[in-house]
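1. predicted model follows, preceded by the sequence.
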Amino acid sequence: MRMMGEMWAKLGSMVASVMFMSAVFRDFLPVQLRNHVERYIHKLANFFDPYVQITFDEHTNQFRKQSEVYSAIQSYLSTKFSARVRRLKAHDVKNSKSLVLSMDDNEEIADEFQGITFSWASVKRMANQTSFSIYPQSNEKKCYKLTFHRRYRDIMTGSYLDHVIKEGKAISASNRQRKLYINNPAEDWNSYRGTKWSHIVFEHPATFESLAMDPKKKEEIINDLIKFSKGKEYYAKIGKAWKRGYLLYGPPGTGKSTMIAAISNLMNYDVYDLELTQVKDNTELRKLLIDTPSKSIIVIEDIDCSLDLTGQRKKKKDEEDKEEKDSVRKKREDQENKPSKVTLSGLLNVIDGIWSACGGERLIVFTTNYVDKLDPALIRRGRMDKHIELSYCCFEAFKVLARNYLGLEMHELFERIGRLLGETDMTPADVAENLMPKSDVEDAESCLKNLIEALEAAKEEAKIKAEEEAQQKAEKDEILNAEKEA
Ligand SMILES: Nc1ncnc2c1ncn2[C@@H]1O[C@H](COP(=O)(O)OP(=O)(O)OP(=O)(O)O)[C@@H](O)[C@H]1O
Ligand SMILES: [Mg+2]
């Protein structure tokens, strides 16, 4: 056995010496002979070397666009550094929230997957420049080199690479800066650098944790969203477009917009805030919506103010209109008040049709203060799959706000506040405002007392209002009765 081992070792070192010699004398051999020698040496090396190598180049073409696979590998490996990797590089990657670390040239990382070790190295190799490019090019190409034993080839192609790319993309996505998009008027679409949507970085701090609402309802919404985000196969199986509609309704200040931000933060989706008053007709609407990518939330706020039940947009005419206006202002207002051709059916067609044709997941969220005003066609299940009511602050919602604003889990005043919240309507926005310390010296207890005061005042106000209404009704009834008797 030992003799066999020594023999293989000797053979191995012979091959290594032949390879070395051929590399040294390569340029002195005639071309044909050189090709022959190289082919045989390669075969011999394959016989003795059981390891397979795959390289992943940084750029896909001469335009030096970074390969998606390379970026995914880079993100994946950024979570795998061991103490042995001493030289790292920090990159300021576009659209990324933080710096991305990668290993420096010639560093190596060993990655365990299903008990198998896959070895990654970052290397530079010489490029053969065959194509012309206007971009300055260096002769060196960066790449990742993956090395593994040839007996694991099936695992590598079957599952390991998928795992690396999927994980890498998920890491990049979680590190990505989210954006809030607003639609531009169509006149600007063709101007220089004209795009249909303008964006800003979206950094809303709202999360489901900080959202004040009934915990059971909250959990149900979170589960629904997570199920949706993992539902690619399910939606494909049932033959439905991978989209989900949410209708958020409730009085002003109950957290509809806050919930949209929380959804975006949970799902890591960009928000496309569609302002229908900027959209002239259904064609424009369709173009705008086609221009939204997968993993986005399309939001139409106050849907009842954007379209009326006949599908025509409501005109915003004020008393002011009667006044004299200078010509520029009049022209602009005329433009704004032009009857829109965006119709309810156009909106519904786009919701039903376009996303069925576009791949990828999309959420569409409508908000309204008046759910009863909406056309049932607009909000029927299938279009708006989930109807969520955000309502006045209940005791459970108050506890969330007290924890967020004052760091309180329990307090003797909670019971009184709970009773008052049951007797009067106050929005979470108002409760939150009362819980905010007004000065540095104000402590949690005085904030709670402020809230109690505000709740008692609101209760008193509601009582007076109810009495006035009852009196007005009684007076009206009296007049009606008198008219009848006469
Ligand atoms: N449920 C809630 N949980 C936590 N904070 C809330 C909640 N509701 C309201 N707030 C607070 O009140 C402010 C206003 O809330 P938000 O803009 O979400 O209300 P809205 O329902 O969208 O109102 P509108 O109908 O006028 O658009 C938020 O900035 C937030 O701080
Ligand atoms: Mg809002």
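-> Alright, I've got the coordinates. Ligands and ions are numbered 1, 2, ... in the order given.
2. secondary structure class of the closest residue to ligand 2 within the chain, three-state.
-> Distance from ligand 2 to each residue of the chain (C-beta to the ion) is smallest for Ser257, at 3.2 Å. In short, each C-beta sits where N, CA and C put it, glycine included. When classified by DSSP: H, G, I helix; E, B strand; the rest coil, Ser257 comes out as helix.
3. now it: how far from Thr157?
-> Per C-beta to C-beta, to the nearest Å, Ser257 is found 47 Å from Thr157.
4. can you check Val37 too?
-> Distance from Val37 to Thr157, counting by C-beta to C-beta: 31 Å.
5. next to ligand 1, which bits of the stretch 151-300 of the chain? Give me the list.
-> Leu211, Ala212, Met213, Pro252, Gly253, Thr254, Gly255, Lys256, Ser257, Thr258 (C-beta under 6 Å from any ligand atom).
6. from those, list the buried ones, please.
-> Listed as buried from those are Leu211, Ala212, Met213, Gly253, Thr254, Gly255, Lys256, Ser257, Thr258; burial here means 16 or more other C-beta atoms under 10 Å.
7. Serialize those to JSON lines and add fields for pLDDT and distance to Lys124.
-> Output for these, formatted as JSON lines (pLDDT from 0 to 100; distance: C-beta to C-beta, whole Å):
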{"residue": "Leu211", "pLDDT": "95", "distance to Lys124": "49"}
{"residue": "Ala212", "pLDDT": "94", "distance to Lys124": "54"}
{"residue": "Met213", "pLDDT": "93", "distance to Lys124": "54"}
{"residue": "Gly253", "pLDDT": "94", "distance to Lys124": "58"}
{"residue": "Thr254", "pLDDT": "96", "distance to Lys124": "58"}
{"residue": "Gly255", "pLDDT": "95", "distance to Lys124": "53"}
{"residue": "Lys256", "pLDDT": "96", "distance to Lys124": "53"}
{"residue": "Ser257", "pLDDT": "95", "distance to Lys124": "50"}
{"residue": "Thr258", "pLDDT": "95", "distance to Lys124": "49"}
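8. nearest to Trp189, of those?
-> The closest of these to Trp189 turns out to be Ser257 (C-beta to C-beta; 26.9 Å).
9. just checking, the closest one touches Asn369?
-> No - judged on C-beta atoms under 8 Å, Ser257 makes no contact with Asn369 at a distance of 11.8 Å.
10. re earlier: which member of the buried ones among the residues of the stretch 151-300 of the chain next to ligand 1 is positioned nearest His411?
-> Closest to His411 out of those is Ala212 (16.4 Å), distances taken as C-beta to C-beta.
11. so which helix or strand takes in that closest one?
-> Per DSSP states H and E: Ala212 is located in neither a helix nor a strand.
12. residues in contact with it?
-> By C-beta atoms under 8 Å, 6 or more residues apart in numbering, the contact set of Ala212 is Gly255, Cys393, Ala397, Phe398, Val400, Leu401, Asn404, Pro428, Val431, Ala432.
13. same thing but 10 Å
-> Ala212 makes contact with 218, 254-255, 258, 390, 393-394, 396-405, 428-429, 431-432, according to C-beta atoms under 10 Å, 6 or more residues apart in numbering.
14. what's the local residue count around the nearest residue to it once chain neighbours are set aside?
-> Nearest non-adjacent residue to Ala212, counting by C-beta to C-beta, 6 or more residues apart in numbering: Ala397, 3.7 Å away. A total of 26 residues lie near Ala397 under the criterion other C-beta atoms under 10 Å.
15. list the contacts for Ala397?
-> Ala397 neighbours (C-beta under 10 Å, 6+ apart): 211-215, 217-218, 254-255, 390-391, 421, 427-428, 431-432.
16. repeat for Val31
-> For Val31, the contact set (C-beta under 10 Å, 6+ apart) is empty.
17. pLDDT-wise, which helix or strand of this protein ranks last?
-> helix 327-337 (a mean of 50; mean pLDDT, DSSP states H and E).
18. buried ones in the next helix or strand after it?
-> Tracing the chain past helix 327-337, the next element assigned as helix or strand by DSSP H and E is helix 344-349. Across helix 344-349, burial judged by 16+ other C-beta under 10 Å covers Leu344, Gly346, Leu347, Leu348.
19. check stretch 217-229 too.
-> For stretch 217-229, burial by neighbour count (16+ other C-beta under 10 Å) applies to Lys218, Ile221, Leu225, Phe228, Ser229.
20. and what of stretch 378-396?
-> Going by neighbour count (16+ other C-beta under 10 Å), the buried part of stretch 378-396 is Leu378, Ile379, Arg383, Met384, Asp385, Lys386, Ile388, Leu390, Ser391, Tyr392, Cys393, Glu396.
21. inside strands: which ones of those?
-> Using DSSP state E, the subset of the buried residues of stretch 378-396 located in strands is Lys386, Ile388.
22. closest one of the buried residues of stretch 378-396 to Thr277?
-> Lowest distance from Thr277 to the buried residues of stretch 378-396 (C-beta to C-beta) belongs to Leu378, with 17.3 Å.
23. hey, which helix is longest across this structure?
-> helix 444-485 (DSSP state H).
24. helices and strands around that helix, which ones?
-> Packed against helix 444-485 by the contact rule (3 or more C-beta pairs under 10 Å, 6 or more residues apart in numbering; DSSP states H and E) you find helix 395-406, helix 414-423, helix 428-435.
25. if you set the cut-off to 6 Å instead, what comes out?
-> Secondary-structure packing of helix 444-485 (3 or more C-beta pairs under 6 Å, 6 or more residues apart in numbering; DSSP states H and E): helix 428-435.
26. is there proximity between the helix it packs on and ligand 2?
-> No - contact of helix 428-435 with ligand 2 (C-beta under 5 Å from the ion) is absent, the minimum separation being 9.8 Å.
27. now that helix, how far from the centre of its chain.
-> 28 Å (C-alpha atoms, centre = their mean, to the nearest Å).
28. that one packs against which elements?
-> helix 395-406, helix 444-485.
29. coming back round to it: and Val37 and Thr157? which has more neighbours close in?
-> Val37 (16 against 11).
30. for whichever residue of the stretch 51-200 of the chain sits closest to ligand 1, what is the enclosing helix or strand?
-> Of the stretch 51-200 of the chain, the residue with the smallest distance to ligand 1, taken as C-beta to the nearest ligand atom, is Leu180 at 14.1 Å. Using DSSP H and E, Leu180 sits in strand 179-183.
31. Pro252: what secondary structure?
-> Going by three-state DSSP: Pro252 is coil.
32. quick check: the residue nearest to it when sequence neighbours are not counted vs Phe398, distance?
-> The shortest distance from Pro252 to any non-neighbouring residue, by C-beta to C-beta, 6+ apart, is to Asn369 (6.0 Å). As judged by C-beta to C-beta, Asn369 and Phe398 stand 22 Å apart.
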